[in-house]
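# Pasting a predicted model and its sequence here:
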Amino acid sequence: MLQQLPKTADRNLLVGIETADDAAVYKISEEVAYIHTVDFFTPIVDNPYMFGQIAAANALSDVYAMGGTPLTALNIVCFPVDLPLDVLKEILRGGFEKLEEAGVVMAGGHTVEDKEPKYGLSVVGQVNPRNIIRNSTARPGDVLVLTKPLGTGIIATAVKAEMVKDKNIIDGFMNSMAELNKNASEAMKKVGVNACTDITGFGLMGHVYEMAYSSKVTCVIDSKSIPVLPGTLKFAEMGLIPAGCYRNRNFVEKRVDFSTKIPESLIDVVFDPQTSGGLLIAVAEEKLDSLLLELKKTKVESHVIGRVVKQGESTITVV
């Protein structure tokens, strides 16, 4: 669809649609560029307050992935007339409190009537043009670090099917999505990294593909190092797979060389569409220990899941 649109010719647009990066970046001056992003979706959990928290954390994540600081946000709301307004109040309260946690100003928003509730935010952030962290600048020799476990799409499907009996699984899944990527972003900015993207709707493989393709490299992923939320593999084995997983797989699978020893359930997990997932960071090997230490200081979960090598026949190799 985007190929049908005319190219934007503006020298101040530092990051546009060309590399499928997480947000647009527009230069205001030699010292300031604005980061623009928008994201909204239908409820992934039944709890309206947590839905608001998760949607807000998800929308802010793109700014953090670009190495920026979010400044302001506008609510985007679609809401049915036959649902109690108390539900909407809780959604907005969840979003507002997550923005307060992030130090972001809620500046307004827009609502429309719809048959199904939807919520998210349009966010503006700021970054020095010289310090933008892109998804297209990974280098051979970099190490890949992931900051949140996978499986939110599969667990959400299991929850909707009423197959999750363990409250700890539900709480863990919601808390993971509601966690801001702020501390992870601050850690990578302090250390200095080569590339970053956040893992959201295209799943791990989709976002790794965007990084590898745009950077003209190959990413080698160690399947045994991939972090997974509790219960995810069991639900995948039961066939509780969201439709988005199949769409991601259909698009990316031909660009991935999988080892024959990897179980099918884990392959489903790496294509699973994530909501408010973690950051995937490409860092030079000599800076890896410093990055892991900074992440640990702020209690950010981190996992080394692979490496960047020179471009080969496959865009991604999973061993």
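Cool, the structure landed.

# Stretch 153-171 spans what distance, first to last residue?
Stretch 153-171 has its terminal residues 15 Å apart, counting by Cα to Cα, to the nearest Å.

# let me redo that: stretch 310-317
Stretch 310-317 has an end-to-end distance of 12 Å (criterion: Cα to Cα).

# Please compute how far that stretch lies from its chain's middle.
23 Å (Cα atoms, centre = their mean, to the nearest Å).

# How about residues contacting it?
Defining contact as Cβ atoms under 8 Å, 6 or more residues apart in numbering, one finds that stretch 310-317 is touched by 140, 205, 208-209, 212-213, 216-221, 252, 255-257. Every residue, glycine included, has its C-beta placed from N, CA and C.

# just the buried members of these?
When burial is judged by neighbour count using 16 or more other Cβ atoms under 10 Å, the buried members of the contacts of stretch 310-317 are 205, 208-209, 212-213, 217-221, 252, 256.

# coming back round to it: so which of the contacts of stretch 310-317 are in strands?
Within the contacts of stretch 310-317, membership in strands is found for 217-221, 256-257, as judged by DSSP state E.

# Turn those residues into JSON lines, columns for distance to residue 56 and pLDDT.
Rendered in JSON lines, the data for the ones in strands among the contacts of stretch 310-317 read as follows (distance: Cβ to Cβ, whole Å; pLDDT from 0 to 100):
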{"residue": "217", "distance to residue 56": "33", "pLDDT": "98"}
{"residue": "218", "distance to residue 56": "35", "pLDDT": "98"}
{"residue": "219", "distance to residue 56": "30", "pLDDT": "98"}
{"residue": "220", "distance to residue 56": "34", "pLDDT": "98"}
{"residue": "221", "distance to residue 56": "30", "pLDDT": "98"}
{"residue": "256", "distance to residue 56": "32", "pLDDT": "97"}
{"residue": "257", "distance to residue 56": "37", "pLDDT": "97"}
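
# okay if I get those residues as a markdown table plus distance to residue 59?
Formatted as a markdown table, the entries for the ones in strands among the contacts of stretch 310-317 read as follows, by distance: Cβ to Cβ, whole Å:
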| residue | distance to residue 59 |
| --- | --- |
| 217 | 29 |
| 218 | 31 |
| 219 | 26 |
| 220 | 31 |
| 221 | 27 |
| 256 | 28 |
| 257 | 34 |
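
# so what's residue 209 up against?
Contacts for residue 209 (Cβ under 8 Å, 6+ apart) come out as 202, 252, 255-256, 315-316.

# what do you get if the cut-off is 6 Å, keeping everything else the same?
252, 255, 315 (Cβ atoms under 6 Å, 6 or more residues apart in numbering).

# quick check, nearest of the contacts of stretch 310-317 to residue 18?
Proximity to residue 18 was ranked across these by Cβ to Cβ; first place goes to residue 213, at 11.4 Å.

# In space, what's closest to the closest one - neighbours in sequence excluded?
Beyond its immediate neighbours in the sequence, the residue positioned closest to residue 213 (Cβ to Cβ, 6 or more residues apart in numbering) is residue 315, lying 5.7 Å away.

# mind checking how far residue 174 is from residue 47?
Residue 174 sits 7 Å away from residue 47 when distances are taken as Cβ to Cβ, to the nearest Å.

# More neighbours: the two, which one.
When neighbours are counted by other Cβ atoms under 10 Å, residue 174 comes out ahead of the other of residue 174 and residue 47, with 21 against 15.

# Contact partners for that one?
For residue 174, the contact set (Cβ under 6 Å, 6+ apart) comprises 45, 50.
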